[in-house]
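Chemist: Below is the structure, and that's it, no one-letter string:
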Ligand SMILES: [Zn+2]
């Protein structure tokens, strides 16, 4: 007998988005977005030196419909690095929090993102309603995100949860798997929020060591979540896993999955999302992949107009099975810059490698590096178990590294490059977490041009 089909619950973000927009239906939301877009452009021109220059020739009232957003110039990460202070839309005294993001761009300057108290309030409000998709009043949530400072993501999440009578306990990113696991086992938690690879390591270590952990739900945030990693966490903890999409530039929160797990429903009252062609910058039809671009509709401190996220995704071209008319942005699995061409012409990205490696039962993390000449792909995998030293451990690790090579050869782009002699594969497996694996930086397919890690 087959299991009854359970219709996913309609996302609780929909009534919240409508309320935020002062709208009753989708048409009302789109009217709100157009009004807010015009107001944002007008305010940015008046209050920000950067946008006064950049939008000099733009008449906000000339935006006849939402499609008109495509006529506005983009804002890039390099603009934020080089002109961040000039983007301020408020007086410096009104800035409540500044988040400094490490540099990876061409100018060498870090990105600094500014928020007023009202901007932070919008994030807390989103966290409250976004989390209502996966927890209920009375639940306890372990937060494995940075949260020491007031206004940090963990702190705002804790405050959002408190508004729905859910207790959030901020632990911070996982620096020591055993300690974090002890906290999780002792704390009678119902849910965990954390960075995908860190949560996977915790889940697999908890299976290897026991006692069993049972959770209701997990929210993954900050980095891309491969399907195989999601399945491994669900399997380890018997829980539902939801993916959250949000960057600091978006105001920390952007969108969250519903029970249909097709992609993210978005904060559409506060953010206007687009997907554009990577080369031409032109809008692409729903269903086609491109770069995710957003415009802030309600941000005070630092309005961002058509900000290029560097994330690669698409709008799902059909309604969500949960019954909501809110748009669905497909799960972001890779960065635009994270795709490289192998010597045989095949495109490879980290997402394909992640899917293959995290499907191996004992992998807790992996580092992947492509040589500068693109002729050698080296992977290091971190094993979740085999902690007792000796022959059993050595054999286990040997088997794991052979398994990693076999899994990678099964990735079509890699397999075809290996078969024609254009790519060598090297894999090692170990049990010691490497330095820096406790950070919050996104994982990347590293090539030797920009590989050097801090010693
Ligand atoms: Zn849905």
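Modeler: Nice, thanks for sending it over. Everything numeric here is computed off the predicted structure, so don't read it as measured data.
Chemist: what's the closest non-adjacent residue to residue 212?
Modeler: Distances taken as C-beta to C-beta, 6 or more residues apart in numbering place residue 206 nearest to residue 212, at 7.6 Å, with adjacent residues excluded. Where C-beta positions appear, they are placed from N, C-alpha and C, glycine not excepted.
Chemist: Just the pLDDT for the one you found.
Modeler: With respect to pLDDT, residue 206 scores 90.
Chemist: Just list the residues touching it, thanks.
Modeler: By C-beta atoms under 8 Å, 6 or more residues apart in numbering, the contact list for residue 206 reads 181, 184-185, 212-213, 236-237.
Chemist: do the same with residue 30
Modeler: Residue 30 neighbours (C-beta under 8 Å, 6+ apart): residue 66.
Chemist: Which residues of the chain lie near the ion?
Modeler: 11, 258, 260, 320, 322, 324 (C-beta under 5 Å from the ion).
Chemist: Which helix or strand contains the last one?
Modeler: In the assignment (DSSP states H and E), residue 324 maps to no helix and no strand.
Chemist: residues making contact with stretch 223-231?
Modeler: 195-197, 200, 220, 241, 243, 331-334, 350-351, 354-359, 442-443.
Chemist: do that again at 6 Å, thanks
Modeler: The contact list for stretch 223-231 (C-beta atoms under 6 Å, 6 or more residues apart in numbering) reads 195-196, 200, 241, 243, 332-333, 354-355, 358-359, 442-443.
Chemist: Start and end of it, how far apart?
Modeler: 16 Å (C-alpha to C-alpha, to the nearest Å).
Chemist: Pull out the buried residues from the helix or strand where residue 182 lies.
Modeler: Element membership for residue 182, per DSSP H and E: helix 177-186. Neighbour counts over helix 177-186 (16 or more other C-beta atoms under 10 Å) mark 177, 180-181, 184 as buried.
Chemist: likewise stretch 142-152?
Modeler: 142-147, 151-152.
Chemist: Counting only strands, which of those make the cut?
Modeler: 142-144 (DSSP state E).
Chemist: shaky segments in this protein?
Modeler: The chain contains residues with pLDDT under 70 at 1-5, 103-108, 386-391, 434-440, 448-455.
Chemist: tell me the domain boundaries of it?
Modeler: Per automatic domain parsing, the domain ranges recorded for the chain read 13-119+258-332, 134-245, 338-450.
Chemist: For the ones you listed, give me a markdown table that also has distance to residue 6.
Modeler: As requested, these are exported to a markdown table (distance: least, C-beta to C-beta, whole Å):
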| stretch | distance to residue 6 |
| --- | --- |
| domain 13-119+258-332 | 9 |
| domain 134-245 | 12 |
| domain 338-450 | 26 |
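Chemist: Contact partners for the closest residue to the ion within the stretch 101-250 of the chain?
Modeler: The nearest approach of the stretch 101-250 of the chain to the ion comes at residue 133, 9.3 Å away (C-beta to the ion). Contacts here follow C-beta under 6 Å, 6+ apart; on that basis residue 133 touches residue 12.
Chemist: So what does residue 146 have for phi and psi?
Modeler: phi -60, psi 130 (degrees, to the nearest 10).
Chemist: Leaving out chain neighbours, which residue sits closest to it?
Modeler: residue 152 is the one closest to residue 146 (C-beta to C-beta, 6+ apart), at 5.1 Å.
Chemist: ok, now residue 204?
Modeler: Nearest one to residue 204, counting by C-beta to C-beta, 6+ apart, is residue 384 at 3.6 Å.
Chemist: which residues touch that neighbour?
Modeler: 204-205, 208, 362, 364.
Chemist: And residue 272, by the same measure?
Modeler: 33, 295, 297.
Chemist: Tell me the secondary structure at it.
Modeler: Put simply, residue 272 is strand when judged by DSSP: H, G, I helix; E, B strand; the rest coil.
Chemist: rewinding a little: tell me the most buried of the domains of the chain?
Modeler: Counting by mean count of other C-beta atoms under 10 Å, domain 134-245 has the highest mean neighbour count of those, with a mean of 20.
Chemist: Mind jotting down where the helices sit in the stretch 251-400 of the chain?
Modeler: Under the criterion DSSP state H, counting those that start in this stretch, helices of the stretch 251-400 of the chain are mapped to 350-358, 391-409.
Chemist: For residue 111, which of those is the nearest?
Modeler: Taking C-beta to C-beta, helix 350-358 is the member of the helices of the stretch 251-400 of the chain nearest to residue 111, at 21.7 Å.
Chemist: got a list of contacts for the closest one?
Modeler: Contacts to helix 350-358, defined as C-beta under 6 Å, 6+ apart, come from residues 226, 228-229, 333-334, 338, 363, 366, 368, 407-408, 411, 445.
Chemist: Turn those into CSV, columns for distance to residue 156.
Modeler: Shown next, in CSV, are these (distance: C-beta to C-beta, whole Å):
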residue, distance to residue 156
226, 27
228, 30
229, 25
333, 26
334, 27
338, 28
363, 32
366, 31
368, 32
407, 38
408, 39
411, 38
445, 31
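Chemist: of those, closest to residue 380?
Modeler: Closest to residue 380, out of all of the contacts of helix 350-358 and judged by C-beta to C-beta, is residue 366, at 6.6 Å.
Chemist: Hmm, residue 381 and that closest one touching each other?
Modeler: Yes: counting by C-beta atoms under 6 Å, residue 366 touches residue 381, with 4.7 Å between them.
Chemist: what sits against residue 249?
Modeler: Contact analysis of residue 249 by C-beta under 6 Å, 6+ apart lists 113, 307.
Chemist: Could you do the one 10 residues further on as well?
Modeler: When contacts are counted by C-beta under 6 Å, 6+ apart, residue 259 touches 8-9.
Chemist: Now it: phi and psi?
Modeler: phi -70, psi -10.
Chemist: next one: residue 111
Modeler: Dihedral angles of residue 111 (phi, psi; degrees, to the nearest 10) stand at phi -90, psi 130.
Chemist: What's the separation between it and residue 100?
Modeler: 7 Å (C-beta to C-beta, to the nearest Å).
Chemist: sec struct for residue 56, please.
Modeler: Quick answer, by three-state DSSP: residue 56 is coil.
Chemist: How is the residue nearest to it when sequence neighbours are not counted classified with respect to secondary structure?
Modeler: Spatial nearest neighbour of residue 56, chain neighbours left out: residue 45 (7.8 Å); criterion: C-beta to C-beta, 6+ apart. For residue 45, the assignment made with three-state DSSP gives helix.
Chemist: and residue 45, how far is that from the ion?
Modeler: Noted for residue 45: a distance of 36 Å to the ion, by C-beta to the ion, to the nearest Å.
Chemist: what's near enough to touch that residue?
Modeler: Applying C-beta under 6 Å, 6+ apart, the residues near residue 45 are 51-52, 55.
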